[in-house]
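Undergrad: with the sequence up front, the predicted model follows.
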Amino acid sequence: MAHVEHVLAVVAVRDIEASRAWYSRLFGRGPDNNPMPSLVEWQVTDGGWVQVTEDARRAGHGMLNLAVSDIEEGVRELREMGLETGDLVDVNKGVRLCPITDPDDNRIHLIGDFREKY
């Protein structure tokens with residue numbers, strides 16, 4: 001297989017315009033790309049993208065994990081932007097999670113203290 005250069009996580013939503021606004025708040029900026037009317041994209045790392053696509057049949061069944069450098073700061077920022085988050089939870093080996101859901105009930109977790117090897 002050829003070398004993988006980018007990883008694209010896809011989240012299905014019912015209403016692309018409402019979701020564009022919500023995910024713009026989540027990421028603190030508008031999308032980086034809008035390749036078609038039913039798809040918007042945010043580049044969240046050098047090779048990592050989040051694609052939000054309008055697909056009513058699949059909407060609400062997604063899971064997206066976002067490992068952040070400072071989970072307490074990330075949660076505070078989301079709350080200041082008016083996004084509801086769950087409680088910070090200690091899960092395993094020092095890792096902490098904070099759940100949040102988008103308007104379609106896709107589950108998103110902020111992950112703190114993520115490591116590539118445990």
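TA: It's in. Values in this document were obtained by computation on a predicted structure and should not be read as measured data.
Undergrad: from now on I want contacts and neighbour counts done on CA atoms only, so please keep to that.
TA: Noted.
Undergrad: buried set for the longest helix seen in the chain?
TA: Identified as the longest helix of the chain according to DSSP state H is helix 16-27. Neighbour-count burial for helix 16-27, counted by 16 or more other Cα atoms under 10 Å, picks out 16, 19-20, 22-23, 26.
Undergrad: tell me the one of these nearest residue 98?
TA: Nearest to residue 98 out of the buried residues of helix 16-27 is residue 26 (Cα to Cα; 13.4 Å).
Undergrad: so which strand or helix has the spatially closest residue to that closest one that is not a sequence neighbour?
TA: Here the nearest residue to residue 26 in space, its sequence neighbours aside, is residue 78; by Cα to Cα, 6 or more residues apart in numbering that works out to 6.7 Å. Using DSSP states H and E, residue 78 falls within helix 71-80.
Undergrad: what does the helix or strand following that helix rub up against?
TA: Scanning forward in sequence from helix 71-80, with DSSP H and E defining helices and strands, the next element found is strand 89-92. Residues from elsewhere that reach strand 89-92 (Cα atoms under 8 Å, 6 or more residues apart in numbering): 96-98.
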